[in-house]
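Student: Can you look at this prediction? I've put the sequence above it.
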Amino acid sequence: MEGDIASMGQFIGAGLAAIGSGAAAIGVGHVAGNFLAGALRNPSAAGSQTATLFIGLAFAEALGIFAFLVALLLMFAV
Amino acid sequence: MAGEAHSEGGLVFHPMDQFIVKPLFGQGPVEWYTPTNVTLWMALAVLCIIALFVLGTRGRAVIPSRVQSVAELAYGFIYKMVEDICGHDGVKYFPKIFTLFVFIIFTNYLGLIPMSFTPTSHIAVTAVLGFGVFFAVTLLGFYKHGTHFLGLFWMSDAPLILRPIIAIIEVISYFVRPVSHSIRLAGNIMAGHAVIKVFAGFAAIAAISPVSIFAIVAIYGLEVLVSFIQAYVFTILTCVYLRDALHPGH
């Protein structure tokens, strides 16, 4: 019985941690969308800013990956 | 992470089974000297890199062959990136950065072959790469600038009251760098491969197998993109960290 409650908490926690992936998706979409909006206004300046775009995407995405990692740890390591 | 799902049926498997490190010969325990599947696929990646960059460019033709132009394209791409981000004095460190890029992209792409193994999906592998960059960059910063390197944490253009708080935040973010640097690569690759395996598990159910096979194809295409982008992002962040060490003032 106690083991059941513990594994229930584990699964609920993993599901809650997966919300973070959705939040990271919002962040990544925000970065990419704003880049596109800026790039269409001034296409000549867009090419030089792709490196900045990828750095921004990477930072936004890393936090989502952290959330995913917490979910994985709860599912398989705890 | 062992697959207890094996007992349920022939085709049902655990999505994390593909990341188990197995000895290449026999069933013994994995010691530090045991040749495992990680060793095999890293060695294959190194052989492919040698084939592309040593054998491919051996002709040194003025008009490059196909293999040679791929090698030249990759070289020029990373060279330009290092020069753009780190400036002219960062070009000295180009060999290390190019080695990182080529190793990561080849292990990622070899891992996309069905039934193969991806060493970069293990945090143990990427942490060595990430912490290697972190220690190299930190030592380089102290070697080049001495204690002036600590000016990286002390924002002289912020208001004086805020500076200690910003310094604390900057120090924390500096030490989180290698962690996020390595987990980003491993997490992306691991997540992508696990998703493919989850859909492969659904493919055993006849009613939804066309949908799930189509999903595998689509996600495989996405993974080809992600493999490149993660190698690119790892390299570009290495360049950014190197720039901070070379020019801590700004």
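Tutor: Sure, I can see it.
Student: Report the contact partners of residue 19.
Tutor: Picking chain A for this. A:Ala67 (C-beta atoms under 8 Å, 6 or more residues apart in numbering or on different chains). C-beta: built from backbone N, CA, C; applies to glycine.
Student: ah, no, chain B please
Tutor: Contacts of B:Phe19 by C-beta under 8 Å, 6+ apart are B:Met1, B:Ser121, B:His122, B:Met190, B:His193.
Student: Just the buried ones from those?
Tutor: B:Ser121, B:His122, B:Met190, B:His193 (16 or more other C-beta atoms under 10 Å in any protein chain shown).
Student: Would you mind measuring from the first one to chain A?
Tutor: Pointing back at B:Ser121 there. 12 Å (C-beta to the nearest C-beta, to the nearest Å).
Student: follow-up on the earlier one: mind putting the contacts of B:Phe19 in JSON lines, distance to A:Met1 included?
Tutor: Shown next, in JSON lines, are those (distance: C-beta to C-beta, whole Å):
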{"residue": "B:Met1", "distance to A:Met1": "26"}
{"residue": "B:Ser121", "distance to A:Met1": "37"}
{"residue": "B:His122", "distance to A:Met1": "36"}
{"residue": "B:Met190", "distance to A:Met1": "34"}
{"residue": "B:His193", "distance to A:Met1": "36"}
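Student: What about those, which are in strands?
Tutor: The members of the contacts of B:Phe19 all map outside strands under DSSP state E.
Student: Pick out the most distant pair among the buried ones among the contacts of B:Phe19.
Tutor: B:His122 and B:His193 (11.3 Å; C-beta to C-beta).
Student: list the contacts for the residue of chain A found nearest chain B?
Tutor: Residue nearest to chain B within chain A (C-beta to the nearest C-beta): A:Ile65, separated by 3.6 Å. Shown in contact with A:Ile65 (C-beta under 8 Å, 6+ apart): A:Ala24, B:Ile183, B:Arg184, B:Gly187, B:Asn188, B:Ala191.
Student: One more pass at 7 Å, please.
Tutor: With contact set as C-beta atoms under 7 Å, 6 or more residues apart in numbering or on different chains, A:Ile65 has these partners: B:Ile183, B:Arg184, B:Gly187, B:Asn188.
Student: Is there a quick PyMOL command that grabs whichever of the residues you listed are buried?
Tutor: For the buried members of the contacts of A:Ile65, the matching PyMOL selection, counting by 16+ other C-beta under 10 Å, is:
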select buried, chain B and resi 183+184+187+188
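Student: And the contacts of A:Ile65, which two are furthest apart?
Tutor: Farthest apart among those - using C-beta to C-beta - are B:Ile183 and B:Asn188, which lie 9.2 Å from each other.
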